[in-house]
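Trainee: Sequence first, predicted coordinates after that:
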Amino acid sequence: MTDIAQPALTKKDFASDQEVRWCPGCGDYAILNALQKHMAESGADPAKTVFVSGIGCSSRFPYYMNTYGFHTIHGRAPAVATGVKVANPDLDVWIVTGDGDSLSIGGNHLAHILRRNLDVNILMFNNEIYGLTKGQYSPTSPVGTKKKSTPMGSIDRPFEPAQFAVGSQATFVARTVDQDMKHMSKILKAAAAHKGTSFIEILQNCVIFNKDFYATTVEKKVRPDRTVDLVAGEPMIYGADRDKGLRFNGFTVERCSAEEADVWRPDTPSHAPTVLIAGMRDAPEMPVPVGVLRAVEAPVYEVGVNAQVEDAIATKGAGELKDLVYDGEIWTVD
Amino acid sequence: MTPPTAQDTSAGELPLQQLDRVVLRFAGDSGDGMQVTGNQFTRTSALFGNDLATLPDFPAEIRAPVGTRPGVSGFQLQFSSSDIHTPGDQPDVLVAMNPAALMVNIDTLKKGGIVIVNTDAFKATDLKKAKCDTNPLEDGTLDGFRVIEVGINSRVSEALADSPLSNKDKQRCKNFYTLGLMYWVYSRPLEPTLEWLEEKFKGKDDLIAANQTALKAGYNAGDIRELFQGQYEVPKATLQPGTYRNVMGNQALAIGLVAGAKLAGIKPVYCSYPITPASSVLEFLAGYKNHGVVTIQSEDEIAAICSAIGASFAGSLGMTGTSGPGMALKGEAMGLAISTELPLVIVDVQRAGPSTGMPTKVEQSDLLSSIFGRNGDAPMPVIAISKPSDAFELSIDACRIAVQYMTPVILLSDNFIANGAEPWALPDLDTLKPFPVRFTEEKTEDFQSFGRDEKLARPWVKPGTPGMEFRIGGLEKAPSSNISYDPDNHQAMTDMRHQKVRNVADSIPTPEVHGAESGDVLVLGWGSTVGILRQAVENAQAKGQSVSRIHLTHVWPLPHGLDEIFARFKVVLIPEMNVAQMTSLLRGELPDHNYIPFNKVTGQPFLVTEIEAEIKRVLDEHAGA
């Protein structure tokens, strides 16, 4: 940071000169808008910000941000971002991905970046469908999804992204909705503040191939009764009248009155509560959880990697090339 | 080595006979420590001043069933008092620790050669494990060889009678007993290995003592006259004046990558997924952290190259290393590096393929896939290391080309180079020419992310630079770096990428012709065949045959001047450990010459005699035509 006062950047300063080419009505517009707003409000430096993406509709995102950006290959954004962040830990790195990119072709890399706890933010746009290839079911589509490649319905069970994430040792997991700008902004802020990998699932409407897949869950009209916004340290209460609650009973979550609701703790030593809460999605009578589902501290990968280099230099001294070449047993022939 | 003749030992003094060169092969079970034994003999011989070359030959299985033929691990080395270029075609001496090791290797032993067998390992059960119906010590298998029988197990037990180690652990010292015996036969000093043991087993005094005792016991056993008629000596070689060390290919390669990054003035970030025989490059580099080397052991091959690309995007020198199967997995990401024009070094330590193939055996069969094996028109420079001692220099050159041309570069090695060792005449580091990277930090009026310099390289802007924000990706882009589907732009960008790689030829030397500048046969090689081809061609030249030799290190783009050189010979003979890949390449690129492929894909290097015979065959067919 420089000492000279710079004029504060606005949302517009984070928009690139490229024409945005998502379908009209796509949920991605709202997310782009929220991100640009977040960047301006958080005082981000465009020069030190890097958006890395894979392949898919969501992965066009970097082209629309006036920051550094890398549109990579399908599923591999976490691996590319790992190189970027390790090479230069000063950069603020954001990964933009979708349900297919991150949980199907890139599932391995997602698991490993979460386990390593690189200090980056992952925005996973989940529309439960393949958009760019024109509407095949995805690894988050419910069983029985009838699309062009599954005319008799999909057979395989979907991933629950939050369960995948905590199973991979994620230190920050959250869920938000493209339609709810206020909530999305709150979650982005919390994710940005977290040291380590922040995994944010954004339920995102694909108006062409999976229109209103969330109509009965997080859609604005039904949201109060069908969604619970989990906030650390507060009781798990939902409903238009804030009269419904959730509580743990052994290895289950059950509905209860607001008074009987348990307090939500995303930082318990075990990630079991997150697994249980995230699993509510399978039960139609239970609300869909949004908010911060997991938040714990753990060592950050790129810090450890670079600390080892510094430690080696401190203990052995900065290496000269001659130390490597003229090493071991040397002999001279005259 | 000349077969030993009967010596008069009645005077009580054992005779010392001088030899020019010896090919020695240790063979035993994978758990017998044959690689350690071979490496110790190599090291001692290097320190003594011999020229040498080695050929480790071990199974892919870490411990195949004990005593079986698939579990045999071998280590061959040639050490000499004169200049040598190969580990030798046929061993003069074979040390066989069990029947399986004997049966797997006996056919390679020179006629009249010495075979030293551990008779304690030839019991009925041992023979059964090795699938021997009869005892090879008795059934005539060893007729024509000079057999020296030593009960190594019992000798080791006797020698270590006072050691507190368990019987099992005592028997693990067998390899040092054997090494001691061979040290006596070839008059080698024990000190380097005694010291090495102290270092290796630091803090484990019982192990140090037992192995040292076994080594000395083996050495002293040499004095038993019934075993050997005398000692041999291979005097110091007359190497070129200079400072030397012994080096393995993967180590020299790793040091070269560090040197390359230092000369470029940027941080090396090496990302790799363990794979035989490339893993030790990662292991060496992980030990060089005090040189500012960052290493990442990635979750898979794709992640490894992608993280390396990410590091280069961020302004470091991304590097990755693998072997054939990993190259196949990295293909799409190589295309990304080509499309985004980022510097990257991709090491491929080739092994026998296809698919998993034979992970510990040598082959040169990734040549065409390295040059062409990606989707789309995706050109990339390819460099081939030919021996451990040139790995340093060529690794530096891979880094130079990567940063000067803003391109990924493939650096080919193979299993023979990776694990082979030879004396390395250490370079004068002051003569290494730096090629410092200059990041673009100011936006000139005509600046474009994919603008071009005189080499056609694009500017390198690193994230963090204010006011230069840009987006890149694998989609086709206009020079501005914005996405473009414009037909003319794709034509122009494809042509540009192609020409840029072609331009690399302007910065590499035309290879030297060894021998007459014109003649009947030009033997052309690339990669690890260099020593064998050199020896075979020198032998042929000594016989007065009209044959010369050329060796390529930069295999793509091809260096300038080859067309003119080839035109001066009737035929170009191309021995390769693949199915004529270089021949196919040259027939396409320089079609006006008579190329004759000579191929071998057994997982073993060529023999000098095989090349000599082929040269003769080709001469008989084409000379004077």
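Mentor: It's in. Residues are numbered from 1 along each chain as shown, chains lettered A, B, ... in the order given.
Trainee: contacts, neighbours, all on C-alpha from now
Mentor: Fine.
Trainee: Which stretches in chain A count as helices?
Mentor: Secondary structure of chain A (DSSP state H): helices at A:28-41, A:77-87, A:99-100, A:107-116, A:161-167, A:181-193, A:223-226, A:272-278, A:301-316, A:321-325.
Trainee: so which of these is the most packed in?
Mentor: Comparing the helices of chain A by mean neighbour count (mean count of other Cα atoms under 10 Å in any protein chain shown), helix A:77-87 comes out on top with a mean of 30.
Trainee: so how far is the first residue of stretch B:511-531 from its last?
Mentor: Across stretch B:511-531, the terminal residues are separated by 16 Å (Cα to Cα, to the nearest Å).
Trainee: Flag every residue of the stretch 401-550 of chain B that's near chain A.
Mentor: B:426, B:429, B:463-474, B:482 (Cα under 8 Å from any Cα of the partner chain).
Trainee: Just the buried residues of these.
Mentor: Buried subset of those (neighbour count, 16 or more other Cα atoms under 10 Å in any protein chain shown): B:Leu426, B:Pro463, B:Gly464, B:Thr465, B:Met468, B:Glu469, B:Phe470, B:Arg471, B:Ile472, B:Gly473, B:Gly474, B:Asn482.
Trainee: Nearest to A:Phe14, out of the helices of chain A?
Mentor: helix A:28-41 (5.6 Å; Cα to Cα).
Trainee: and the closest one with chain B, contact?
Mentor: No - counting by Cα under 8 Å from any Cα, chain B is not contacted by helix A:28-41; separation bottoms out at 14.8 Å.
Trainee: For A:Val325, give its distance to B:Ser528.
Mentor: A:Val325 is 22 Å from B:Ser528, by Cα to Cα.
Trainee: Would you mind naming what in the stretch 101-250 of chain A lies close to chain B?
Mentor: Residues of the stretch 101-250 of chain A lying near chain B (Cα under 8 Å from any Cα): A:Asn108, A:His109, A:His112.
Trainee: so can I have JSON lines of those showing pLDDT?
Mentor: Output for these, formatted as JSON lines (pLDDT from 0 to 100):
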{"residue": "A:Asn108", "pLDDT": "98"}
{"residue": "A:His109", "pLDDT": "98"}
{"residue": "A:His112", "pLDDT": "98"}
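Trainee: check contacts around B:Phe145.
Mentor: By Cα atoms under 8 Å, 6 or more residues apart in numbering or on different chains, the contact set of B:Phe145 is B:Lys111, B:Gly112, B:Gly113, B:Ile114, B:Val115.
Trainee: Dump those into TSV; add secondary structure as well.
Mentor: Formatted as TSV, the contacts of B:Phe145 follow (DSSP: H, G, I helix; E, B strand; the rest coil):
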residue	secondary structure
B:Lys111	coil
B:Gly112	coil
B:Gly113	coil
B:Ile114	strand
B:Val115	strand
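Trainee: which residue sits farthest out from the middle of the chain?
Mentor: All of this is about chain A. A:Asp334 (64.2 Å; Cα atoms, centre = their mean).
Trainee: wait, I meant chain B there
Mentor: Chain B, farthest from centre, Cα atoms, centre = their mean: B:Glu445 at 49.4 Å.
Trainee: State the distance from that one to B:Phe470.
Mentor: 15 Å.
Trainee: How about B:Ile550?
Mentor: Per Cα to Cα, B:Ile550 is found 46 Å from B:Phe470.
Trainee: can you check A:Arg281 too?
Mentor: 40 Å.
Trainee: just A:Phe70 next, same as before
Mentor: Distance from A:Phe70 to B:Phe470, by Cα to Cα: 9 Å.
Trainee: A:Tyr63 too?
Mentor: According to Cα to Cα, A:Tyr63 and B:Phe470 sit 8 Å apart.
Trainee: what do these two both touch?
Mentor: Common neighbours of A:Tyr63 and B:Phe470, using Cα under 8 Å, 6+ apart, are A:Gly69.
Trainee: shouldn't A:Asp229 be in contact with A:Ile277?
Mentor: No - shown here, A:Asp229 and A:Ile277 do not form a contact pair, counting by Cα atoms under 8 Å, at 11.3 Å.
Trainee: what is in contact with the two at once?
Mentor: The contact sets of A:Asp229 and A:Ile277 overlap at A:Pro289 (Cα under 8 Å, 6+ apart).
Trainee: got the contact list for A:Ala314?
Mentor: B:Asn290.
Trainee: same thing but at 7 Å, please
Mentor: Counting by Cα atoms under 7 Å, 6 or more residues apart in numbering or on different chains, A:Ala314 makes contact with nothing.
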